[in-house]
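Peer 1: Show me the folded form of this:
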Amino acid sequence: MSERAISADVIVIGAGMAGASVAAGLARTMKVVLAEMEAQPGYHTTGRSAAVFAPSYGPDGVRALTRASRAFFDAVPEGFADVPLLTPRQILMIAREDQTESLDALIDRMSGEARVVRLGKAALREHQPLLRAGYAAAGMLDTGGQDIDVAALHQGFLRLLKARGGKLLTNAAVQELTRDADGWQVQTQADTLSAPLVVNAGGAWAGAIGRLAGAEEIGLVLKRRTAMMVAEPDGFTRRDAPITIDVQEEFYLKPDSGRLLISPADETPTDPCDAQPEEIDVAVCADRIMTAFDLDIRRIESKWAGLRSFVADKEPVIGFSRVVPGFFWMAGQGGYGIQSAPAAADLATALVQGKPVPGHIADQGLDPACVAPDRMACAA
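Peer 2: Numbering: from 1, shown residues only. Just a heads-up that it's a prediction; the model follows:
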């Protein structure tokens, strides 16, 4: 295959949820090329997510972006998706007796949220019948949770990108990034791309992309998360039961299409890779789940792992590099990137184009300085 030279207004690197969503937003008014290293977009973290829309989940900036995303989920653009993106799914955070201080601290942070209620021991099994008697002392029920159709959301953004004239390149791993007076040149496996602006939405590879560009280090740490499917117990009928999460995130369980999706909520530091589940994590998961729930796990029906990317404060990194011009970070989404994707893309689109923070995001109290690569400008 002969090498092609492709020019654009902006090159977005990485076609997972972050890259697809911001590329679609920018394509409304700009010529966009979206470069993906795999043969299909979303192969890594996006395609392995068990996403729940959880307004109570994450640090302050994440929660603001999640709240600001709700209007998009409730009224998607025409032709974006042919199925609802959200399906009601309550969220139950549970605490053992030794964890009740953590639960109370979480409830305090959520004070003023009408959808959040504290549950005593007696009420827990009414909401989660699988919970083992005597395990949990209290819980917090968030009635505002929703399951997210991750595939429909991701494909919707890719469809929107195409409809707006954007170009998706697959098998386009970035090999070199250089900059001259005319802007950026991005060398991929097959093409030479050029544009004044580059958006780094490389997910687990965002740190490596930043280093290729000569940008600042943002302290991105990759953490492996394991998940698996097991059979429902005989006679189980509560497929509407809440996703149930340990208040200190030691595990979670969620009914899913006639099975139970379970995870040890592991966060094992690792390098960028095609993540695979480790047997020790599978064993730890089974032990934690059987300790907390009235289940006897004899067989794992399927298992997988994905990578979650964090910086120290667990907020996303959205903003221009302070070191190299025309290089924009959209990284560090951690475990919150799906639920906050619509508003995060709106924020990134505005900042890339030099526009004010959109009103629906500003209304949620988000200061863009608090998600910028240089957090020193963030208001206390």
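Peer 1: Is the residue nearest to residue 169 when sequence neighbours are not counted bridged to anything, and to what?
Peer 2: Among residues not flanking residue 169 along the chain, residue 35 sits closest, at 5.0 Å (Cβ to Cβ, 6 or more residues apart in numbering). Glycine gets a C-beta too; all of them are placed from N, C-alpha and C. Residue 35 forms beta bridges with residue 13, residue 169, as assigned by DSSP bridges.
Peer 1: ok, residue 35 touching residue 193?
Peer 2: Yes. Counting by Cβ atoms under 8 Å, residue 35 touches residue 193, with 6.6 Å between them.
Peer 1: longest strand of this structure?
Peer 2: strand 221-231 (DSSP state E).
Peer 1: Now that one: buried residues?
Peer 2: 221-230 (16 or more other Cβ atoms under 10 Å).
Peer 1: repeat for stretch 255-262
Peer 2: 255-256, 259-262.
Peer 1: between the residues you listed, which is closest to residue 63?
Peer 2: residue 261 (23.2 Å; Cβ to Cβ).
Peer 1: Quick one: residues contacting that closest one.
Peer 2: 50, 227-229, 253-255 (Cβ atoms under 8 Å, 6 or more residues apart in numbering).
Peer 1: Which of those sits closest to residue 157?
Peer 2: residue 50 (19.0 Å).
Peer 1: Now do that closest one, the pLDDT please.
Peer 2: At residue 50, the model reports a pLDDT of 62.
Peer 1: Please apply the same query to residue 128.
Peer 2: 96.
Peer 1: Check the one 10 residues further on too.
Peer 2: At residue 138, the predicted lDDT confidence score is 97.
Peer 1: Next: residue 198.
Peer 2: Reported pLDDT for residue 198: 98.
Peer 1: Now name the helix or strand holding it.
Peer 2: strand 197-200 (DSSP states H and E).
Peer 1: Please put the alpha-carbon coordinates of that strand into CSV.
Peer 2: Below are the C-alpha coordinates for strand 197-200, written out as CSV (Å, rounded to 0.1, in the frame of the first residue of the first chain):
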residue,chain,number,x,y,z
LEU,A,197,-3.9,20.9,16.0
VAL,A,198,-3.6,17.4,17.5
VAL,A,199,-6.0,16.1,20.2
ASN,A,200,-4.4,13.3,22.2
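Peer 1: before we move on, back to that, and which of the contacts of residue 261 is nearest residue 41?
Peer 2: After measuring those against residue 41 - Cβ to Cβ - the closest member comes out as residue 50, at 18.5 Å.
Peer 1: how close does residue 78 sit to residue 129?
Peer 2: Applying Cβ to Cβ, to the nearest Å, the value for residue 78 to residue 129 is 40 Å.
Peer 1: so where's the stretch 51-200 of the chain shaky on pLDDT?
Peer 2: 112-114 (pLDDT under 70).
Peer 1: can you map out the strands along it?
Peer 2: 52-53, 86-88, 91-95, 116-120, 138-142, 146-148, 167-169, 174-180, 183-188, 191-195, 197-200 (DSSP state E, counting those that start in this stretch).
Peer 1: Next: the stretch 251-380 of the chain.
Peer 2: 252-256, 259-263, 268-270, 302-310, 317-320, 327-331.
Peer 1: Run the chain-centre distance for the second one.
Peer 2: Just to be clear, that refers to strand 259-263. What separates the centre of strand 259-263 from the centre of its chain is 19 Å, taken as Cα atoms, centre = their mean, to the nearest Å.
Peer 1: one step back: so which of residue 78 and residue 129 has more stuff around it?
Peer 2: The neighbour comparison of residue 78 against residue 129 (other Cβ atoms under 10 Å) goes to residue 129, with 14 against 5.
Peer 1: residue contacts, the more buried one?
Peer 2: Taking Cβ under 8 Å, 6+ apart, we find residue 129 in contact with 236, 238, 241.
Peer 1: Return the member of the residues you listed nearest to residue 170.
Peer 2: Using Cβ to Cβ, the contacts of residue 129 come closest to residue 170 at residue 241, 38.5 Å.
Peer 1: wouldn't that closest one be in contact with residue 130 here?
Peer 2: Yes. Contact criterion Cβ under 8 Å: residue 241 and residue 130 qualify, at 7.2 Å.
Peer 1: what touches both of the two?
Peer 2: Joint contacts of residue 241 and residue 130 (Cβ under 8 Å, 6+ apart) do not exist.
Peer 1: any chance of the strands of the stretch 251-380 of the chain in JSON lines, plus mean pLDDT and distance to residue 372?
Peer 2: Putting the strands of the stretch 251-380 of the chain into JSON lines (pLDDT from 0 to 100; distance: least, Cβ to Cβ, whole Å) gives the following:
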{"stretch": "strand 252-256", "mean pLDDT": "93", "distance to residue 372": "31"}
{"stretch": "strand 259-263", "mean pLDDT": "94", "distance to residue 372": "31"}
{"stretch": "strand 268-270", "mean pLDDT": "84", "distance to residue 372": "24"}
{"stretch": "strand 302-310", "mean pLDDT": "88", "distance to residue 372": "16"}
{"stretch": "strand 317-320", "mean pLDDT": "98", "distance to residue 372": "4"}
{"stretch": "strand 327-331", "mean pLDDT": "98", "distance to residue 372": "8"}
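Peer 1: Single out the most deeply packed of those.
Peer 2: For these, the largest average neighbour count (mean count of other Cβ atoms under 10 Å) is found in strand 327-331, namely a mean of 26.
Peer 1: tell me the angle that one makes with strand 183-188.
Peer 2: Counting by axes from the mean of the first three to the mean of the last three Cα atoms, to 10 degrees, strand 327-331 lies at 50 degrees to strand 183-188.
Peer 1: other SSEs contacting strand 327-331?
Peer 2: helix 17-26, strand 197-200, helix 206-213, strand 317-320, helix 341-352 (3 or more Cβ pairs under 8 Å, 6 or more residues apart in numbering; DSSP states H and E).
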